[in-house]
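A.B. asks: Quick check, what structure comes out for this input:
(one chain, ligands or ions: 3)
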Amino acid sequence: MITDIITRVQEDGPVDVEDVYRLMSAEDPKDLEELYAAARKVRDSRFGRKIFTYGFVYYSTYCKNNCTFCYYRNSNHGIERYRKGVEEVVQLSGSLKDAGINLADLTTGEDPKLYADDYRMLLDTIRAVRDEVGISIMSSPGALPREMFPRIREAGADWHACYQETYNRDLFSRLRLDQSFDDRRNQKVWAMEAGLLAEDGMMMGLGENVRDRAETILEMGNLGCSQIRAMTFVPQEGTPMQDHTPYDSTEELKAIAVMRILFPDRLIPCSLDVEGIAGLKTRIAAGANVITSIVPPNRNLAGVAQHELDIENGNRSVEHVFEMLEEMGYRHATNTEYTSFLDSRRTAGGA
Ligand code: SAM
Ligand code: MD0
Ligand code: SF4
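C.D. replies: Ligands and ions are numbered 1, 2, ... in the order given. Have a look, this model is predicted:
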C-alpha cells in the first residue's frame, strides 16, 4: 500500500531507493491522489499559503552546445535567436521587481559572446541587476569553471541553476553531447562552496526508466540543493528528438510530490514552461511552492521548452498568475518572505 510507504519515508532515517522507486511506480488514481494530498500537507505545514514567484529572463538564446532535446542547440540552424544587452536585462528585471516578483532568473545558452573577455558580459549583467534593481538573482548560464563561482557570487547572484537532467550517466551522454557528467554535477557543489544556493533538475520522458527517476530524485536531494525540479520533455522541431512521443504530465507531478515528501524544506518549482498556464493548478496541487517561468508579454522574450506558448497573450504575465493563485486560495510571497527564506538556507550552510 502506498500509505505505508509514504509513512515510512516520512519517518526519520535514511530513505532507500527502493521506497522512492515504489512511490514513483504508483499508477492507481487513488494512490496518486493520496500522494498529492500528502505532499500538499507537507508543503502547507512548512510554508503556509504562500507561493514564491520567479520571472524568467532568457537573455541570450545563442549556445555552443548541442543537447539533443533543446530547441536552441547550436545545430538548429535557421531559428530566430537573440541576445539582450545589459540595459535591457536591467529594465526587464526592474519591471519584474515592481510587479512583486521575488526573483529574476537570468538564463542563457552557453553563449561564447557572454563568456568572452573573461566572462565580462555575464558578470556585468549580474552586477548591473544587483546594483540597479536589487531583486534576488538566479544565474542559469550553463556549466562554468570552478574559479567562476566566487566571482558570480561577488557580482550579486544568489543562485546557480544547472540541471543534471538525469543521474544515469549513459543516458546523460546521449543527451548532453560532448559534455562532462562530473563537471555538471560539480556545478552544484562548487556553487555551494562559494556561498551560492544551488538548483538541480531532472527531465521526464527522455528514455529514462522508473529506477532512473527514483535515483535521480535521491541524488538531487542528497546533494544539498535548496531548489530541485522536474520538467516534462517537450519535443522540439529541428532537433534529433523532434519525433519523440511526448509524455503527459503525470510523471512530473509524481516527481514533484515525491520530492516534496522526501525533502520538505526545499523549493520545488511549478514551471509554466511545460504546459503554459494550464499546468499551474496541477503542479501546485502536487506540492510545488514556487512558480517559475513567468514571462511578461510584448518584450520579445522566449521560454525554453515552450518558447512561445502563453507569452504574447499575457497568460504567463504576473497579473494573471497572481490572480490564479488567489483563486486557488494561495497568495504570492512578499520579497521579505523570500529573502528571509534565502537567508535561512544560507545559514544552514548552503545545504
Ligand atoms: N543553457 C543552460 C543549461 O543548459 O544549463 C540554461 C538554460 S537550459 C535551456 C535550462 C533547462 O531547460 C535545461 O537544463 C533543461 O532541463 C530544460 N529544457 C531544455 N529544453 C527542454 C525541452 N525541450 N523540454 C523540457 N525542458 C527543456
Ligand atoms: C523554467 N524556463 O523555470 C525556465 C528554465 C532555468 N533556470 C529555468 C527551465 O521553467
Ligand atoms: Fe545550450 Fe542549455 Fe540548450 Fe543545452 S540545454 S543546447 S546548454 S541552451
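A.B. asks: Strand partners (parallel or antiparallel) of the one helix or strand residue 105 maps to?
C.D. replies: Assigned by DSSP states H and E, residue 105 belongs to strand 103-108. According to DSSP bridges, strand 103-108 forms sheet pairs with strand 50-60 (parallel), strand 136-140 (parallel).
A.B. asks: can those go into JSON lines with extra columns for mean neighbour count and mean pLDDT?
C.D. replies: Backbone N, C-alpha and C define where each C-beta goes, glycine included. Formatted as JSON lines, those follow (neighbours: other C-beta atoms under 10 Å; pLDDT from 0 to 100):
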{"stretch": "strand 50-60", "mean neighbour count": "24", "mean pLDDT": "98"}
{"stretch": "strand 136-140", "mean neighbour count": "24", "mean pLDDT": "98"}
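A.B. asks: so which of those comes closest to residue 13?
C.D. replies: Closest approach to residue 13 among the strands paired with strand 103-108 (C-beta to C-beta): strand 50-60, 29.6 Å.
A.B. asks: so, in contact with ligand 2 or not, that closest one?
C.D. replies: Yes - counting by C-beta under 6 Å from any ligand atom, ligand 2 has neighbours in strand 50-60: residue 56.
A.B. asks: what's the following helix or strand after that strand?
C.D. replies: Downstream of strand 50-60 (by DSSP H and E), the next one is helix 86-98.
A.B. asks: For this structure, what lies in contact range of ligand 3?
C.D. replies: 63, 65, 67, 70, 72, 73, 109, 110, 142.
A.B. asks: Residue 236 is in contact with the fourth one, correct?
C.D. replies: So that's residue 70. Yes - look at residue 70 against residue 236 with C-beta atoms under 8 Å: they come within range, at 6.7 Å.
A.B. asks: got the angle for the strand holding residue 105 vs helix 86-98?
C.D. replies: For strand 103-108 against helix 86-98, the angle by axes from the mean of the first three to the mean of the last three C-alpha atoms, to 10 degrees is 150 degrees.
A.B. asks: Give me the distance between strand 103-108 and the centre of its chain.
C.D. replies: A distance of 11 Å separates the centroid of the chain from that of strand 103-108, by C-alpha atoms, centre = their mean, to the nearest Å.
A.B. asks: Report the entries of the residues of the chain next to ligand 3 that also contact ligand 2.
C.D. replies: Answer for these near ligand 2: none qualify (C-beta under 6 Å from any ligand atom).
A.B. asks: So residue 97 versus ligand 3, what's the distance?
C.D. replies: 25 Å (C-beta to the nearest ligand atom, to the nearest Å).
A.B. asks: Out of the strands paired with strand 103-108, which is closest to residue 314?
C.D. replies: strand 50-60 (14.0 Å).
A.B. asks: what about the strands in the chain?
C.D. replies: Using DSSP state E, the strands of the chain run over 50-60, 103-108, 136-140, 159-161, 197-204, 227-232, 269-271, 290-294, 331-332.
A.B. asks: outside of the lengthiest helix in the chain, which residues touch it?
C.D. replies: When every helix of the chain is counted residue by residue (DSSP state H), the longest turns out to be helix 112-132. Contacts of helix 112-132 from elsewhere in the structure, counted by C-beta atoms under 8 Å, 6 or more residues apart in numbering, are 59-60, 62, 64, 83, 86-87, 89-90, 93-94, 104, 106, 108, 135, 137, 139, 141, 144, 148, 151-152, 155-157.
A.B. asks: which bits of the stretch 51-200 of the chain sit near ligand 1?
C.D. replies: So the stretch 51-200 of the chain meets ligand 1 at 69, 70, 107, 109, 110, 140, 142, 162, 163, 165 (C-beta under 6 Å from any ligand atom).
A.B. asks: Leaving out the residues flanking it, which one is nearest to the last one?
C.D. replies: Counting by C-beta to C-beta, 6 or more residues apart in numbering, residue 165 lies nearest to residue 203, which is 4.8 Å off, once chain neighbours are set aside.
A.B. asks: The fifth one now?
C.D. replies: Counting by C-beta to C-beta, 6+ apart, residue 110 lies nearest to residue 142, which is 4.0 Å off, once chain neighbours are set aside.
A.B. asks: ok, now which ones touch that neighbour?
C.D. replies: Per C-beta under 8 Å, 6+ apart, neighbours of residue 142: 63, 65, 108, 109, 110, 162.
A.B. asks: got a list of what the most centrally placed residue in the chain touches?
C.D. replies: Nearest to the geometric centre of the chain sits residue 229, at 5.2 Å (C-alpha atoms, centre = their mean). By C-beta under 8 Å, 6+ apart, the contact set of residue 229 is 163, 199, 200, 201, 202, 268, 269, 271, 292.
A.B. asks: how about JSON lines for those residues, with neighbour count added?
C.D. replies: Putting the contacts of residue 229 into JSON lines (neighbours: other C-beta atoms under 10 Å) gives the following:
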{"residue": "163", "neighbour count": "21"}
{"residue": "199", "neighbour count": "26"}
{"residue": "200", "neighbour count": "25"}
{"residue": "201", "neighbour count": "19"}
{"residue": "202", "neighbour count": "26"}
{"residue": "268", "neighbour count": "23"}
{"residue": "269", "neighbour count": "23"}
{"residue": "271", "neighbour count": "28"}
{"residue": "292", "neighbour count": "24"}
